[in-house]
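Engineer: Here you go, sequence then predicted model.
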Amino acid sequence: MALGRSQRVACASWRTVPPEPCPDPPKSRKDPTVRIRLHGTPTECTATLAALAEVLDIHTVSRPYPDRTTFAYARIYIEATPLPPQEDR
């Protein structure tokens, strides 16, 4: 059974299995939220997600969806906000 948009995994720490709800989700749609689709092998998506976590505060990570044309690839959707500049942290 596929999860709907309202049932996506929401968690600041995407490594948590099973995911736990994020304690401080974005307050409104006016927050500078970025939506990104990762498309590649599961290994590539995991590595890319780890790299993005260095520069983005990741709020939601969807489950992997199989690619429509080849099952070797997956699609993962994330929502994130930019982290403050390094000198501000």
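Structural biologist: Thanks, I have the structure now.
Engineer: and the longest strand for this structure?
Structural biologist: strand 74-82 (DSSP state E).
Engineer: which helices and strands sit right next to that strand?
Structural biologist: Helices and strands touching strand 74-82, by 3 or more C-beta pairs under 8 Å, 6 or more residues apart in numbering; DSSP states H and E, are strand 34-40, helix 42-52, strand 56-61, strand 65-66. (Glycine included, C-beta is placed from N, CA and C.)
Engineer: Residues touching the first one, excluding its own?
Structural biologist: Right, strand 34-40. 44-45, 48-49, 52, 56, 67, 73-82 (C-beta atoms under 8 Å, 6 or more residues apart in numbering).
Engineer: just the buried members of these?
Structural biologist: Neighbour-count burial (16 or more other C-beta atoms under 10 Å) applied to those gives 45, 48-49, 52, 56, 73-80.
Engineer: tell me the contacts of Ile76?
Structural biologist: Counting by C-beta under 8 Å, 6+ apart, Ile76 has contacts Arg37, Leu38, Cys45, Leu49, Val61, Ser62, Arg63, Pro64, Tyr65.
Engineer: bridging residues for it?
Structural biologist: Assessed by DSSP bridges, Ile76 has beta-bridge partners Leu38.
Engineer: Find me the pLDDT at it, would you?
Structural biologist: Note on Ile76: pLDDT of 95.
Engineer: next one: Arg63
Structural biologist: 94.
Engineer: How much space separates it from Ala50?
Structural biologist: Distance check for Arg63 against Ala50: by C-beta to C-beta, to the nearest Å, it reads 17 Å.
Engineer: ok, these two, which is more surrounded?
Structural biologist: Comparing Arg63 with Ala50 by other C-beta atoms under 10 Å, the one with more neighbours is Arg63, at 14 against 11.
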